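Asks: structure, please.
(2 chains)
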Amino acid sequence: MTETAAAPRVIRVDALSRIEGEGGLMVRFRDGEVEEVKLDVFEPPRFFEAFLRGRHFNEVADMTARICGICPVAHQTSAVQAIESALGVNIPAGIRTLRRLLYLGEWIESHALHIYLLHAPDFLGYESAISLAADHPQLVERALRLKKIGNELIEVLAGRATSPVSLCVGGFYKTPAKSALLKMREDLTWALEAAKDTAVLVANLTFPSFEADYELVALSDPSEYAICAGRIVSSRGLDAAAVDYEKHFREVQVEHSTALHSVRSDSSSSYLVGPLARMNLHRETLTPEAAELAATCGIQWPSRNPFHGIVARAIELVHACEESIAIIDRYEQPPAPRVAVEVREGEGCAVTEAPRGMLYHRYRIDRNGLVEEAKIIPPTSQNLRRMEDDLRLLLPGIAGQTDREITARCESLVRSYDPCISCSTHFLRVRIER
Amino acid sequence: MNQARPKVAVYKFSSCDGCQLAILCLEDELLTLAEKVDIANFLEARSRVVDGPYDITFVEGSITTEEERERIQRIRENSKYLVAIGACAVSGGIQALRNWIHVDAFVQAIYATPEHIHTLATSTPIADHVHVDLELSGCPVNKRQLLTVIASLLRGRIPDVPPYAVCIDCKLNGTPCVMVAQDVVCLGPLTRTGCDALCPSFGRGCYGCFGPSDMSKPETLAEHLKGRRTATPEIIRRLRGINGWSPKFRAATEKLEKTTP
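Replies: Prediction:
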C-alpha cells in the first residue's frame, strides 16, 4: 500500500505461516517512519493455570503435556521438577540423566522440524519444505529422518512423542532396558552426521545484516550445556537461582495479545531466550563435535544477529545427537524407575531449557497433594517483547522495499525465534500500515 | 492429472498443535502424501494457500471464541468431508475443564485489563457447531489411523474407526491388567482403542486420551472404583481429564457430584 498524506502505510499479515500456533503481525508507517509494530497473538487462552487448581500433583505432567504438541517433554520436565521441589523429593543421578536424554530427544525433533520445515524455506526461496522437496528431495528426506529419530528416542523412553506417558513426580513410570536404548544408537550415529551436514548447510546461508543489543538469558551450568537445571544468567550480569525467577522477570499484558509479555523486573526491558542466547552464553559446555563446528562454521560468536538462530539451533542439534549417544553408551538401567514421594504442603518451581528457551513452572501443593496455584511462563512469552523490539529496529532499514519484501523479511525474523504460540497463550498474522 | 489431485486443508482451533503435527510426523509417508493430494491450506507447514473448496478438511482444536464459532461455519461450507481430529475437536479437549469453572474470575485474576480478552465460557467440540463427517479421537490422534482415514476418503469411503476399549489391546498384547495386578486406577475399560494400550505397557493406568468407547459405561467403573475405596472426588477427577466434556464422562461425573456430600 502506498502512503498518502492522509493515510498511513499499513502492512498486515493476518495469519503467519510456518509457526506453531496462531498469530499475526501489523506494521504501521506514518510519514515514512515506523509508527507502530504489533505482534498480534489471537490464539485463544486455554486457562491451564486455572483448571490445574484442585488437581492432584500426579496429574500435572499429563495435563501440562497438552500445553504444546511440539515441546511436551519441556513442560512435563519443568512441571515434575517444580513439584519435586515443593515436596522435597530428591531424584537420583541415574533418573536425572535419563530425563536429560528424553529432553535431548525433544530438542532433536523440535530443532529438525524448525530448521528444515519451518525456517530454511525462507532462506532457500521456497514457501515450504513440501515445495523444497520437489527440487531438493534429499534435504527434506534428511530433515524427516532426523525428526523421526528424535521422536523415536522419545518413544523408547516415554511411549509417544506428543503427550509422552512415562515422566512422573519421583522419576519415570518405567525405565528402558539398555538393549532398547542401544537399538537407537545406529540411528543416532547417522543423525549426528546428518546434524553436522545440517550445521554446515545453514551456516552457509545468506543472512540479512542486522544486529540488536540483546540481554541474553539462559540457564547455566559449568559442568554441562544446561537443559534441566542451572542458574539463570544473563549477558548483563544477572546470576540468580531458579527460585528467584519471579524477582527478576515479570509479565505485562498488552492489548493486542492473549499472551502476556515478559520483561525484566527492574528495567522493564526485553530480553532474549533460546538457542542463540544459549550458544552465545555457554559454548564452552558444548560436546566436542558441536564445539568444533561452532568454532569453524564461519559465524562469529557471540552473534547478535537473530537470523543466526537457525545456526545456533543446528549446532545444538549436533550437540543433542552427540550427547545422546554418550548417555546411551554409559547408561545403566536404574534399580528403580522412581523414588517414593510423600505428600506434604509446599511450593516449588523449576526452570528448564525448552527447545525455544527458558520455561518456568511454579506450583503450590496443599496437604492433600492438590494444586492450589500454578504459574507457567513459556519461552515464547519471554521472547515476544524482544521480537517486537527487533522488528522496530529492522523496519527503518527496509522501509523502502515493497510490502511483499517487508512482509517476507519480518516473517522470517519472527520465525527465527521459533515462536510457539500454542505455548504462549495465554501467537502469527503480519499487518503493515503505512 | 495434476489439477485432479484432491485438495486437503488443515485448520487449527483451540489446541496444542499436536494433532496437526501428527501429519508432519508421518515422516515416511509425508512426501508421497504431498504428491497424491494437494496440501492446499496448512498454515503450520506451508505459506502457499490455495482457495477451496477442499475435498478433505481436517480440523484440530475446540471452539472457545466467538471468532472460532464463526470461522468453523465458513470452513464447513468450503469442505466436502470435514474430519475432526483429536480430543479437542471431538470432545472439547482438556481446555473443556474450564466449563466447570468460572473463567471470568480467572481472566480477571491473570490479565490486568480483562476486557481485551474475548473468550466464550465453554470449550466445545466441532460437532456442536457444524456437521462433522468423521471424528477421530485421541490426544494425540494416532497417525496410522489418520493415514487410513486419508486413504479411505480418497477412495470415497468413510472408514470405520475401531469402537472397542483399551482393555482388548492389553489382552492382545499380553499386558497384565494394571488394575488387578498393581491396584491402580485404570480407565482402560471405558476408553476407545487407538493408543495400543500405551499406559498399561508403562505400568500405569490409562487416563482416557481416546475418550469413551462405544460401549463405555462410566457409572459401572465408578461403582467398581468406589468398591475398592477410591474416593468419589478422585473418580470425578479421573473422568474429567482429556475428554471430560464427552457426553458419557460428563454425565457420569455430574451424577457423581450430586451424590457427593
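
Asks: just checking, what packs against the helix or strand harbouring B:Ile168?
Replies: Using DSSP states H and E, B:Ile168 sits in helix B:166-173. Under the contact definition 3 or more C-beta pairs under 8 Å, 6 or more residues apart in numbering or on different chains; DSSP states H and E, helix B:166-173 sits against helix B:198-201. The C-beta positions use only the backbone N, C-alpha and C, and glycine is treated the same way.

Asks: ok, now with 6 Å
Replies: Under the contact criterion of 3 or more C-beta pairs under 6 Å, 6 or more residues apart in numbering or on different chains; DSSP states H and E, helix B:166-173 touches no helix or strand at all.

Asks: how about that helix, which residues are buried there?
Replies: Buried residues in helix B:166-173, counted by 16 or more other C-beta atoms under 10 Å in any protein chain shown: B:Val166, B:Cys167, B:Asp169, B:Cys170.

Asks: I'd like the average pLDDT over stretch B:73-84.
Replies: Mean pLDDT, stretch B:73-84: 97.

Asks: should've said stretch A:90-100
Replies: Stretch A:90-100 comes out at a mean pLDDT of 98.

Asks: which residues of the stretch 51-200 of chain B fall in strands?
Replies: B:54-60, B:79-85, B:134-136 (DSSP state E, counting those that start in this stretch).

Asks: the ones you listed: which one's closest to A:Pro378?
Replies: strand B:54-60 (19.3 Å; C-beta to C-beta).

Asks: which strands and helices lie in contact with that closest one?
Replies: Short answer (3+ C-beta pairs under 6 Å, 6+ apart): strand B:54-60 packs on strand B:7-12, strand B:79-85.

Asks: adding mean neighbour count and distance to B:Ala45, write those out as CSV.
Replies: As requested, the helices and strands packed on strand B:54-60 are exported to CSV (neighbours: other C-beta atoms under 10 Å in any protein chain shown; distance: least, C-beta to C-beta, whole Å):
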stretch, mean neighbour count, distance to B:Ala45
strand B:7-12, 24, 8
strand B:79-85, 23, 15
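
Asks: reformat those strands as JSON lines; add distance to A:Asn151.
Replies: Formatted as JSON lines, the helices and strands packed on strand B:54-60 follow (distance: least, C-beta to C-beta, whole Å):
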{"stretch": "strand B:7-12", "distance to A:Asn151": "19"}
{"stretch": "strand B:79-85", "distance to A:Asn151": "18"}
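
Asks: any idea which of these gets closest to chain A?
Replies: strand B:7-12 (6.4 Å; C-beta to the nearest C-beta).

Asks: next up, phi/psi of A:Ser128, please.
Replies: Torsion angles at A:Ser128 (phi, psi; degrees, to the nearest 10) stand at phi -170, psi 170.

Asks: got it, and A:Tyr225?
Replies: According to degrees, to the nearest 10, A:Tyr225 has phi -70, psi 110.

Asks: could you do A:Leu216 as well?
Replies: phi -90, psi 130.

Asks: now do the contacts for it.
Replies: Residues near A:Leu216 by C-beta atoms under 6 Å, 6 or more residues apart in numbering or on different chains: A:Ser235, A:Leu272, A:Ala277, A:Asn280, A:Leu281.

Asks: count the residues that sit near the first one.
Replies: When you say that, I think you mean A:Ser235. 18 (other C-beta atoms under 10 Å in any protein chain shown).

Asks: repeat for the last one
Replies: Using other C-beta under 10 Å, A:Leu281 is surrounded by 20 other residues.

Asks: so what's it up against?
Replies: With C-beta under 6 Å, 6+ apart, A:Leu281 has these contacts: A:Leu216, A:Ala218.

Asks: again, only this time at 7 Å
Replies: Taking C-beta atoms under 7 Å, 6 or more residues apart in numbering or on different chains, we find A:Leu281 in contact with A:Leu216, A:Ala218, A:Ser220, A:Val233, A:Ser235.

Asks: my read is it is in a helix, agree?
Replies: Yes. Counting by DSSP: H, G, I helix; E, B strand; the rest coil, A:Leu281 is part of a helix.

Asks: touching, B:Ser15 and B:Ile63? I think so.
Replies: No. Proximity of B:Ser15 to B:Ile63 does not meet the contact threshold set by C-beta atoms under 7 Å, at 10.8 Å.

Asks: of the two, who's got more company?
Replies: B:Ser15 (32 against 27).

Asks: ok now stretch B:220-234, how far from the chain's centre?
Replies: Chain-centre distance of stretch B:220-234: 25 Å, with C-alpha atoms, centre = their mean, to the nearest Å.

Asks: correction: the previous question concerned stretch A:219-234.
Replies: Counting by C-alpha atoms, centre = their mean, stretch A:219-234 comes out at 15 Å from the chain centroid.

Asks: list the buried ones in that stretch?
Replies: So, applying 16+ other C-beta under 10 Å, buried residues of stretch A:219-234: A:Leu219, A:Ser220, A:Tyr225, A:Ala226, A:Ile227, A:Cys228, A:Ala229, A:Gly230, A:Arg231, A:Ile232, A:Val233, A:Ser234.

Asks: also stretch A:27-38?
Replies: Neighbour-count burial for stretch A:27-38 [16+ other C-beta under 10 Å]: A:Val27, A:Arg28, A:Phe29, A:Val34, A:Glu36, A:Val37, A:Lys38.
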